[in-house]
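**Student:** Quick one: sequence and predicted model below, then my questions.
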Amino acid sequence: MRSRFAQLGALLLCLSVACAVPQLFAKKKDKSADAGATEQKRAVHALNRLTFGARPGDVQQVMAMGVDRWVDLQLHPEKISDTAIEAKLQPLRTLHMSSKEILENFPDNQMVKQVMDGKRPMPSDPARRAVYQVQIARLEEKQEKKGQKATAAFVAAPAPPASEMAAPSASTDSNGAKTEAELAAAAAASPDTQPADGNSMSSMSSTNATAASNSTPANDMATPAEAKVETKLTPEEEAEARRREDRLYADLKVQSLVDLSPDERYKKVMAMSVDEQVAFADSLRGGKGQEFLAGMNPRQRETLLAMNSPQQVVVEELSQAKLIRAIYSERQLEEVMTDFWFNHFNVFVGKGPERLLLTSYEQEVIRSRALGKFEDLLVATAKSPAMLFYLDNWMSVGPNSLQVLGGPPRPMVRYGPYGRPRAYPGPNPNQKRKQNAGLNENYGRELLELHTLSVNGGYSQRDVTEVAKVFTGWTLEKPFEGMGFRYDPRMHEPGPKFVLGHRIKPKGEDEGREVLHMLATSPQTAHFISLKLAQRFVSDDPPATLVDRMAKTFEKKKGDIREVLVTLFHSPEFWADGTYRAKVKTPLEFVASAVRATGASVDDAMPLARQLNNMGMPLYGAQPPTGYSMKADSWVSSSALLTRMNFALALTAGKVRGVKVDAVQLAGGPPPPADATVALSAMEAKLLAADVSKQTHDSIVAQVQAPAKSSPPDANNNGPKPKQDASRPPDANMMAGLLLGSPEFQRR
């Protein structure tokens with residue numbers, strides 16, 4: 001009954017949130033035009049915009065330090081000690097590996113196949129060897145299935161018509177085969193053994209030969225009614241049945257090992273045969289796998305999880321790290337800006353070897369430059385293996401390059417003045433071009449449209465093509481082996497290029513650097529980047545005057561991101577009353593802020609990452625180069641808000657695995673207050689700095705109080721107040737969940 005009541009309350013409040021959707025887009029205005037923001041309001045606003053949400057006690061700390069001083073400190077993260085976060089990230093070993101080390105420890109199918117084919121040695125380390133052995137067994141099983149399907153398709157194929165078959169010889173051939181007459185006689189002698197469908201003669205002769213060899217007296221033969229029919233499984237069916245038995249056996253074995261110590265469990269798995277390990281890896285999927293892995297050290301957990309899916313371990317650890325940093329890092333603005341720039345220079349995790357490259361891309365390319373010079377960030381992303389692979393620039397080849405025309409540069413004889421021959425270095429224009437080599441414009445287009453100038457930046461299709469030519473030769477050193485950037489002059493398009501009216505002289509790799517510098521210092525780029533920053537920190541439609549001032553700072557300070565943010569954070573537009581709680585949170589911002597606001601303890605961040613999948617924002621999962629939208633209209637709908645409400649209620653009720661929330665403490669306990677109104681007021685102060693409308697407050701009170709006789713209206717005639725059921729305390733979990741799902745908490 002209590003559960004049904006909670007669901008009803010959640011639904012009612014969610015509907016009220018949906019009805020309040022239009023208010024999410026409107027600017028909030030104070031009744032008093034001359035009322036300035038209080039210091040507490042400024043602290044709340046700064047925390048909402050520069051962090052992933054306030055934690056209990058953060059508002060008081062910021063006020064004690066001074067809002068302006070706190071903002072300046074966040075702009076210089078190197079001055080903030082963040083040792084606690086390093087301890088939380090230490091178990092995630094892939095964060096401390098290079099792309100090459102990640103590939104060697106968590107191989108993809110190509111690496112596994114190389115080891116299987118003997119092109120690479122099998123690792124000597126027992127843990128790594130176990131991972132490779134399981135993946136090789138799975139690859140062999142996959143190839144076996146593929147071969148069986150091909151064989152079955154061949155056997156099932158209809159035989160050619162008799163008219164298309166070659167006529168048999170009238171006499172015995174040189175190999176001693178039966179003559180046509182002998183085959184016909186055998187067929188006449190045993191008409192019942194001839195195939196009913198009249199297939200090939202070879203089938204018939206085979207059948208008759210079998211019948212002749214097994215001939216018995218007529219009275220010894222069984223009648224058709226007495227004949228026993230034996231059904232045989234195909235090899236494919238036998239293999240599948242064997243795999244089902246192995247999986248069942250592995251499931252039982254997993255259950256029998258759960259009661260052992262973590263070290264003993266691990267040793268038992270490592271001592272299994274390869275077939276048993278394959279079945280065991282399959283049995284780890286789901287909740288029982290987490291139970292089996294409980295208590296193991298990071299290396300042991302990673303090894304057993306990698307048996308199931310090596311590269312998934314890398315993605316999950318990167319996702320956990322992103323959430324852990326967003327929730328616990330003291331350098332909050334750095335994390336916000338890292339997320340902002342990753343989204344700006346988006347790379348999709350699901351393409352090719354990106355799973356191996358994203359860890360380095362986010363940590364070494366993005367985070368380390370999040371508050372530095374924009375041009376440095378632009379160059380770093382252009383040369384990063386993740387971006388080169390994602391937008392296919394690593395395969396882009398100039399149409400007149402040496403790789404296309406073939407052969408090394410060799411002198412061509414031309415005649416100068418007075419008929420004297422002279423050498424002219426360059427490719428032979430008469431050389432036949434190689435196939436499957438061409439110019440790829442993906443990076444050139446996104447560089448202009450999304451990374452720098454914007455879609456209205458004044459460039460043409462010709463500029464896109466010319467920029468693509470400039471970046472031919474910017475490729476990868478062994479892209480499927482975790483290596484880095486390499487410039488290949490044989491892939492580069494020779495000759496001058498013309499970009500945005502500028503002539504780019506032929507100079508190989510430096511052509512790309514010249515174009516990146518030109519774009520990074522362009523006024524259009526300054527305006528576009530300033531606009532996106534203002535949309536993230538101010539509003540979906542920021543004031544043009546603010547964007548213009550930011551753009552001027554961008555140009556004057558040569559793209560210094562920190563200086564542009566200083567202009568932003570010290571602007572009157574940023575602190576205007578209309579911006580307070582006016583931005584709708586993205587799913588990532590909502591989940592992280594909910595965990596931070598409740599002071600939750602996170603032991604496993606992966607369930608939170610899965611909640612983001614449900615909300616339509618899987619981490620690193622934006623497939624188009626545009627990344628995820630920062631605007632409200634992409635995230636506000638009745639179904640989306642219902643999903644958020646369900647998460648909020650599950651979080652505060654302790655139903656999100658790996659995350660613990662003390663709702664009673666939020667309510668002012670322990671013990672929990674007996675009065676629902678008192679408990680709710682305490683929660684409103686901690687979760688929302690008391691910024692809760694009367695409508696939301698009354699709605700929650702009405703839903704958590706037990707139905708009872710109403711008391712008379714009060715002196716102000718505000719209507720009857722329901723009496724609380726004294727037999728049980730108010731449901732603190734439900735109240736906290738409803739507050740997190742309220743319209744006020746959806747905004748920052």
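**Tutor:** Great, that's in hand.

**Student:** pLDDT weak spots in the protein?
**Tutor:** 1-37, 148-254, 286-288, 407-437, 479-480, 482, 706-728 (pLDDT under 70).

**Student:** excluding its backbone neighbours, what's nearest residue 382?
**Tutor:** Leaving aside its sequence neighbours, residue 382 sits nearest to residue 516 (C-beta to C-beta, 6 or more residues apart in numbering; 6.1 Å). To be clear about C-beta, it is placed using only N, CA and C from the backbone, and glycine gets the same treatment.

**Student:** surely that neighbour meets residue 376?
**Tutor:** No - contact status for residue 516 versus residue 376: not in contact, 10.0 Å apart, counting by C-beta atoms under 8 Å.

**Student:** which of those two has more neighbours?
**Tutor:** Taking neighbours as other C-beta atoms under 10 Å, residue 516 and residue 376 compare with residue 516 leading, 22 against 14.

**Student:** Where does the more buried one sit, in terms of helix or strand?
**Tutor:** helix 509-520 (DSSP states H and E).

**Student:** now residue 475
**Tutor:** Going by DSSP H and E, residue 475 is in strand 474-476.

**Student:** Please apply the same query to residue 639.
**Tutor:** helix 638-652.

**Student:** Can you dump the C-alpha atoms of that helix in PDB for me?
**Tutor:** Only the C-alpha atoms of helix 638-652 are listed here, as PDB (Å, rounded to 0.1, in the frame of the first residue of the first chain):
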ATOM      1  CA  SER A 638       6.800  14.500 -20.000                       C
ATOM      2  CA  SER A 639       8.400  11.100 -20.600                       C
ATOM      3  CA  ALA A 640      11.900  12.500 -19.900                       C
ATOM      4  CA  LEU A 641      10.700  14.200 -16.700                       C
ATOM      5  CA  LEU A 642       9.000  10.900 -15.600                       C
ATOM      6  CA  THR A 643      12.300   9.100 -16.100                       C
ATOM      7  CA  ARG A 644      14.100  11.600 -14.000                       C
ATOM      8  CA  MET A 645      11.400  11.300 -11.300                       C
ATOM      9  CA  ASN A 646      11.800   7.600 -11.200                       C
ATOM     10  CA  PHE A 647      15.500   7.900 -10.800                       C
ATOM     11  CA  ALA A 648      15.200  10.400  -8.000                       C
ATOM     12  CA  LEU A 649      12.800   8.200  -6.100                       C
ATOM     13  CA  ALA A 650      15.000   5.100  -6.600                       C
ATOM     14  CA  LEU A 651      18.100   7.000  -5.500                       C
ATOM     15  CA  THR A 652      16.600   8.200  -2.200                       C
END
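
**Student:** Could you give me the buried positions within it?
**Tutor:** Of all the residues in helix 638-652, those buried under the rule 16 or more other C-beta atoms under 10 Å are 640-652.

**Student:** before we move on, what about stretch 543-552?
**Tutor:** 543, 546-547, 549-552.

**Student:** Nearest to residue 88 among those?
**Tutor:** Among the buried residues of stretch 543-552, residue 550 lies closest to residue 88 (C-beta to C-beta), at 34.5 Å.

**Student:** State the helix or strand in which that closest one lies.
**Tutor:** Using DSSP H and E, residue 550 falls in helix 544-556.

**Student:** okay, stretch 461-474 in PDB with CA atoms only?
**Tutor:** What follows is stretch 461-474 as a C-alpha-only set of coordinates in PDB (Å, rounded to 0.1, in the frame of the first residue of the first chain):
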ATOM      1  CA  GLN A 461      32.200  24.300 -50.100                       C
ATOM      2  CA  ARG A 462      35.400  25.200 -51.900                       C
ATOM      3  CA  ASP A 463      36.900  26.200 -48.500                       C
ATOM      4  CA  VAL A 464      35.900  22.800 -47.100                       C
ATOM      5  CA  THR A 465      37.600  21.000 -50.000                       C
ATOM      6  CA  GLU A 466      40.700  23.100 -49.700                       C
ATOM      7  CA  VAL A 467      41.000  22.600 -46.000                       C
ATOM      8  CA  ALA A 468      40.600  18.800 -46.500                       C
ATOM      9  CA  LYS A 469      43.500  19.000 -48.900                       C
ATOM     10  CA  VAL A 470      45.600  20.900 -46.400                       C
ATOM     11  CA  PHE A 471      45.100  18.100 -43.800                       C
ATOM     12  CA  THR A 472      45.900  15.200 -46.200                       C
ATOM     13  CA  GLY A 473      48.900  13.300 -44.700                       C
ATOM     14  CA  TRP A 474      47.800  13.900 -41.100                       C
END
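
**Student:** Quick check: buried residues in it?
**Tutor:** 463-474.

**Student:** Those residues in helices, which ones?
**Tutor:** Judged by DSSP state H, the subset of these located in helices is 463-470.

**Student:** I'd like those as TSV, with distance to residue 300 appended.
**Tutor:** Output for these, formatted as TSV (distance: C-beta to C-beta, whole Å):
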residue	distance to residue 300
463	54
464	50
465	53
466	54
467	49
468	48
469	51
470	49
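
**Student:** Doesn't residue 388 belong to a strand?
**Tutor:** No - checked against DSSP: H, G, I helix; E, B strand; the rest coil, residue 388 lies outside a strand; its state is helix.
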